[in-house]
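*Asks:* Need coordinates for the below:
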Amino acid sequence: MNKKVFAVIGREFFTRVRTKGFIIGTLLFPLIIIFLFGGMFIFSKFFAPSTRHFHVIDQTGKIYDEMVKMLPDTLKNGEPKYRFTEVKAFYEDIETITRELQDKVIKKEIYGYLVIPENILESREVKYSARNVSDYEELRELQRTISRIVGNIRLENLGFSSEKIREEMSLGWISLISHQVTEKGEVSKHGGANFLLTYILSYMLLLFIIIYGQTVTRSVIEEKSQRITETIISSIKPIELMLGKMLGICLLGITQMLTIGIFIFFVAKFGEPILVKAGVSGSEFLNILRNLEFSPVVFGFMIIYFFMGYIFYASIFAAIGSMVNTEDEGQQFLAPIIILNMVGFFIMISVARNPDTTAAFWSSLIPFFTPVVMFSRIAVSDPMIPSGAYLSLITMSISIFLIVKFVAKIYRVGILMYGKKPSIKEAIKWIRYK
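*Replies:* Numbering: from 1, shown residues only. Now for the predicted structure:
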């Protein structure tokens, strides 16, 4: 690269890094992460649920009293979480009573009602009716409570002491402490925390490749529509202009990733104790946050794969920008490329759970999918490096060299073409030009 290329890199980088949009966007991402981690806790303070009143038809005559005893929970304001009222109903008037209960639900006199059938030991089904059935935590809590009562009844019918069996079952509950076997020995590693971090970083990697790749397209279209390109290429080669533009915008992405990476490191390091002091509860969530391990090696590979993935896709985006005259025209070409990038993300979700399979190995070597898929394999395998990681760097380098070589031929012709939008067939002809 000569001085002219560095001049383009500096122009693309400094003209954008000083903009309010870039500064706000860089600061906004950590705030979004904070909102995601603490939003539910914060809003739970403002939108705390009220006591929910249920009517219960217990045709067995055995479950209602036990259910009330096992659900004594209170809300944060001290009010009871549930208020139950038993409704006696016989077979001949069950339909009439349920219609009356439905009217009460509609009039908001009660939140909902439960119908526990007499044959629940065989049917194992309870009817739950309410204004809203989207509160999965409540549904799971009621289901778990009634299931435990039914289980106790079945054990007692078999002549066992349900209390003694439940006590032994609780004493037999174990915690699975996961360790990853490496060449240097075993290391403690939390599977849920590891997968969550891999998912977040892979999504961020994909998002940055798409966002900054599209920035290249917009930049090319803008210069082309304003006829700036004609003046620029009088003193610089088209391929030098294209590379300078891509690398300058790439520095923006790397700058933003470094800022966000530092933030994620501090979240992984200090997030759990800060949330505990703030009064956030929920052992599973805090346990995941406590076990987040943001390795410098993983972050280093993230930067490498962002650079390689960005250059690979940005070359295609640059070619698209040179072929069209407006952003609306460009969207028609960009959509398939973005969808292809998204396919890699969907593959990543499965690969992150099974990083050592043959399918994971070969899919991570496909250049279109390598940045996200191979990075996810590295992230979940850390501190070990999965098979094919270094090979993927070689295949990506070769792919980048070839794609830039072909795209440069399209770019040098397309940036001087105005008016009619060229077809794919015409773009292929441009590649053959010497």
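*Asks:* Report the buried residues of stretch 140-156.
*Replies:* Taking 16 or more other CB atoms under 10 Å as the neighbour-count basis, stretch 140-156 is seen to contain the buried residues 141-142, 145-146, 149-150, 152-153, 155. In short, each C-beta sits where N, CA and C put it, glycine included.
*Asks:* just stretch 338-354 next, same as before
*Replies:* So, applying 16+ other CB under 10 Å, buried residues of stretch 338-354: 338, 341, 344-345, 347-348, 351-352.
*Asks:* hang on, the earlier thing: could you dump the buried residues of stretch 140-156 into JSON lines and include pLDDT and secondary structure?
*Replies:* What follows is these, written out as JSON lines (pLDDT from 0 to 100; DSSP: H, G, I helix; E, B strand; the rest coil):
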{"residue": "E141", "pLDDT": "85", "secondary structure": "helix"}
{"residue": "L142", "pLDDT": "88", "secondary structure": "helix"}
{"residue": "T145", "pLDDT": "88", "secondary structure": "helix"}
{"residue": "I146", "pLDDT": "88", "secondary structure": "helix"}
{"residue": "I149", "pLDDT": "86", "secondary structure": "helix"}
{"residue": "V150", "pLDDT": "86", "secondary structure": "helix"}
{"residue": "N152", "pLDDT": "82", "secondary structure": "helix"}
{"residue": "I153", "pLDDT": "83", "secondary structure": "helix"}
{"residue": "L155", "pLDDT": "79", "secondary structure": "helix"}
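*Asks:* coming back round to it: which pair in the buried residues of stretch 338-354 has the greatest spatial separation?
*Replies:* I338 and A352 (21.2 Å; CB to CB).
*Asks:* and the longest strand for the chain?
*Replies:* Determined from DSSP state E, the single longest strand within the chain is strand 52-58.
*Asks:* residues in contact with the helix or strand just after it?
*Replies:* Proceeding N to C from strand 52-58, the next assigned helix or strand is helix 64-70, under DSSP states H and E. With CB atoms under 8 Å, 6 or more residues apart in numbering as the test, helix 64-70 has contacts from 56, 58, 84, 86, 116, 145-146, 148-149, 152.
*Asks:* which stretches of the stretch 101-250 of the chain have low pLDDT?
*Replies:* 134, 162, 168-193, 226, 229-234 (pLDDT under 70).
*Asks:* ok, which stretches of the stretch 101-250 of the chain are helices?
*Replies:* Counting by DSSP state H, counting those that start in this stretch, one finds helices in the stretch 101-250 of the chain at the ranges 120-123, 136-157, 162-171, 191-225, 228-232, 238-277.
*Asks:* Is R166 in contact with N152, as I believe?
*Replies:* Yes - contact between R166 and N152 holds when scored by CB atoms under 8 Å: they sit 7.4 Å apart.
*Asks:* and I366, which of the three is it?
*Replies:* On the three-state scheme (DSSP: H, G, I helix; E, B strand; the rest coil), I366 is labelled coil.
*Asks:* how close does it sit to K269?
*Replies:* Separation of I366 from K269 (CB to CB, to the nearest Å): 35 Å.
*Asks:* Give me the more crowded residue out of these two.
*Replies:* Using other CB atoms under 10 Å, the more surrounded residue of I366 and K269 is I366, with 16 against 12.
*Asks:* Now the more buried one, what are its backbone angles?
*Replies:* The main-chain torsion angles of I366 are listed as degrees, to the nearest 10 and equal phi -80, psi 120.
*Asks:* Make 563 the first number, not 1, from now on.
*Replies:* Right, with 563 as the first residue, what we last looked at is I928.
*Asks:* okay, the contacts of helix 626-632 in JSON lines with distance to K631 next?
*Replies:* Rendered in JSON lines, the data for the contacts of helix 626-632 read as follows (distance: CB to CB, whole Å):
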{"residue": "V618", "distance to K631": "13"}
{"residue": "D620", "distance to K631": "13"}
{"residue": "F646", "distance to K631": "11"}
{"residue": "E648", "distance to K631": "13"}
{"residue": "I678", "distance to K631": "15"}
{"residue": "T707", "distance to K631": "10"}
{"residue": "I708", "distance to K631": "13"}
{"residue": "R710", "distance to K631": "11"}
{"residue": "I711", "distance to K631": "10"}
{"residue": "N714", "distance to K631": "12"}
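*Asks:* Looking at the residues you listed, which is nearest K666?
*Replies:* V618 (13.1 Å).
*Asks:* Tell me how far I801 lies from D665.
*Replies:* Summarising the geometry, the distance separating I801 from D665, computed by CB to CB, is 75 Å.
*Asks:* out of those two, which sits in the busier spot?
*Replies:* Summary of the neighbour comparison: I801 and D665, criterion other CB under 10 Å, with I801 having more neighbours (16 against 11).
*Asks:* Quick one: residues contacting the nearest residue to the more buried one once chain neighbours are set aside.
*Replies:* Taking CB to CB, 6 or more residues apart in numbering as the measure, I801 lies nearest to A970, with 4.3 Å between them; neighbours along the chain are not counted. By CB under 8 Å, 6+ apart, the residues touching A970 are 800-801, 804.
*Asks:* Start from the N-terminal end of the stretch 563-712 of the chain and give the strands.
*Replies:* Residue ranges of the strands in the stretch 563-712 of the chain, as given by DSSP state E, counting those that start in this stretch, are 614-620, 644-648, 674-678, 689-692.
*Asks:* would you list the ones you listed in a markdown table and tack on mean neighbour count and distance to S787?
*Replies:* Converted to a markdown table, the strands of the stretch 563-712 of the chain look like this (neighbours: other CB atoms under 10 Å; distance: least, CB to CB, whole Å):
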| stretch | mean neighbour count | distance to S787 |
| --- | --- | --- |
| strand 614-620 | 20 | 59 |
| strand 644-648 | 15 | 64 |
| strand 674-678 | 22 | 60 |
| strand 689-692 | 15 | 57 |
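*Asks:* about what we covered before: roughly how far apart are the residue nearest to I801 and G823?
*Replies:* As defined by CB to CB, A970 lies at a distance of 32 Å from G823.
*Asks:* what's the answer for K799, then?
*Replies:* Computed as CB to CB, the K799 to G823 distance reads 35 Å.
*Asks:* L803 too?
*Replies:* Distance, L803 to G823, using CB to CB: 30 Å.
*Asks:* Of these two, which one has the most company?
*Replies:* Set side by side, L803 and G823 show unequal neighbour counts under other CB under 10 Å, the larger going to L803 at 24 against 20.
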